[in-house]
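1. No letters, just coordinates:
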């Protein structure tokens, strides 16, 4: 039995938090001929997901506002991503929220129709057949294509005998996308060119731009995508694609401008926020990336895409700021990490953040010159990995492991983590974000490796000063490295030894005492802390500065 071109042998679902509207919609569907026993209700996203797991719906009517948790956009996004809706299910938005942001967000999910409340029977009677007609005729093709059986989809289109012009155009567009998915770009392009000027012209133009981009014809791809920026419902996708094209060429300033425009037009797509974060990181604008992560976290709230990784990444960037930002901002950045730790402990289970948190703590204590605690947390992480079967760290955890291993001078672990992170980056689904994160990760490693080279030169120069008894100059040189947090254990021991001989006249005893304690704390647990040179330096300084806390016993 077919009613309104929707298969009435399958149930329909009404998703609305208002009992009044659920009842009204039910009455209208009954008047259209739908059996009452095949009309289901869901008052919120949770209930809707449960029903979609159990039923193969032919039609779903979605409201936007669904109470305090996930909204209609987030619900459809999840149902589509998890394939809880059949590809031929007719999706119709029925909402009282007609704001541009909501409309554009919904339309990017490609529903079959959009109706504003209050909905009346006459409107539904007229529009429902219009909305559902195409999907009804393309049912088999949509299911085949939705299951990614691209060769079968191409064959199905070639053998089909469609009569409706719009249906023919849609089927040809699906064929072109199937060819592109198989890497047959030239064949796909030929079909798309023939569809230009059709009812699907904007989608055709975007698909042409995407294929041209994949063929690395960047200038032409940008031109094609830019032509769609004037389309009110697809402009955000056009800006997003332009950002991806610029990102592929490492033109991150331009990529950022494009993705900012896409977010401004339609902010609900979380992949855009992630792309913005990654692009800002590629520009090594860590402050802006942190702010964008906060926006991403806010937008992701109640979405199935919400993730602890956004908080963990923010903490990692906050530590990077403590390293690369001005020394005066170090404490505030470390305090920011502490606040993030409190947040993810409240929002997520320990299993979701345990490993990453250990690495975060290792780097924090390294920055605070507490080598012993830094080593403890790093070793605890490695123990966790060794004791956990099939441990699968995320991309961001692998990047953090590389950072922590580099800080701990664990070269073998560092190299392995870098290789694994690069492999994970190459498989990252968000292409623009992939390019941005890859650039940022490379820059971070380069900057840290440059610091190591600079530190090596500082130590060599210090030893030259010491050899010529220029202890004041040696102390000043090492103090500059200390301010930028670039000293290692060897350099800290050098500083202690230099201070036993002399320090600049402008330095006060209080300043010298503070420097000595920082170096001593940094050396805790290090190989140098077991050397005779270390014990002698501590004993001498304890006497010179009258500080018993500097004393060490062998």
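-> Alright, I've got the coordinates. Quantities reported herein were computed from a predicted structural model and do not represent experimental measurements.
2. Find the centremost residue of this structure, please.
-> When the chain is reduced to its mean C-alpha position, the closest residue under Cα atoms, centre = their mean turns out to be residue 274, at 4.2 Å.
3. That one should be in a strand, yeah?
-> No. Under DSSP: H, G, I helix; E, B strand; the rest coil, residue 274 falls outside any strand and is assigned helix.
4. pretty sure it is in contact with residue 430, am I right?
-> Yes. Taking Cβ atoms under 8 Å as the definition, residue 274 is a contact partner of residue 430 at 5.7 Å. (Glycine included, C-beta is placed from N, CA and C.)
5. okay, now the domains of this protein?
-> 12-134, 469-550 (the TED database).
6. Quick one: closest of these to residue 323.
-> Comparing the domains of the chain by their distance to residue 323 (Cβ to Cβ), the top pick is domain 469-550, with 6.2 Å.
7. If you average the pLDDT over the closest one, what comes out?
-> Mean pLDDT, domain 469-550: 89.
8. Just the element for residue 14, please.
-> Under the assignment given by DSSP states H and E, the secondary-structure element containing residue 14 is strand 12-15.
9. will you turn the domains of the chain into JSON lines that also has mean neighbour count and distance to residue 258?
-> What follows is the domains of the chain, written out as JSON lines (neighbours: other Cβ atoms under 10 Å; distance: least, Cβ to Cβ, whole Å):
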{"stretch": "domain 12-134", "mean neighbour count": "18", "distance to residue 258": "16"}
{"stretch": "domain 469-550", "mean neighbour count": "18", "distance to residue 258": "35"}
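10. Compare those domains and report which one is nearest to residue 309.
-> Smallest distance to residue 309 across the domains of the chain (Cβ to Cβ): 16.7 Å, for domain 12-134.
11. Quote the end-to-end distance of that closest one.
-> End-to-end distance for domain 12-134: 18 Å, by Cα to Cα, to the nearest Å.
12. Likewise for stretch 67-74?
-> Distance between the two ends of stretch 67-74: 12 Å, counting by Cα to Cα.
13. pLDDT averaged over it - what is it?
-> Taken as a whole, stretch 67-74 carries a mean pLDDT of 88.
14. Repeat that for stretch 245-262.
-> Model confidence over stretch 245-262 averages 98 on the pLDDT scale.
15. Kindly report the same for stretch 322-336.
-> When pLDDT is averaged along stretch 322-336, the result is 85.
16. Just the buried residues of that stretch, please?
-> Using 16 or more other Cβ atoms under 10 Å as the burial criterion, the residues of stretch 322-336 that qualify are 322-324, 330, 333-334, 336.
17. Can you get me the centre-to-centre distance for that stretch and its chain?
-> 23 Å (Cα atoms, centre = their mean, to the nearest Å).
18. and the spatially closest residue to residue 314 that is not a sequence neighbour, what does it touch?
-> Once its chain neighbours are removed from consideration, residue 314 has its nearest residue in residue 293; the separation is 4.5 Å (Cβ to Cβ, 6 or more residues apart in numbering). For residue 293, the contacting residues are 277, 310, 313-314, 317, taking Cβ atoms under 8 Å, 6 or more residues apart in numbering as the criterion.
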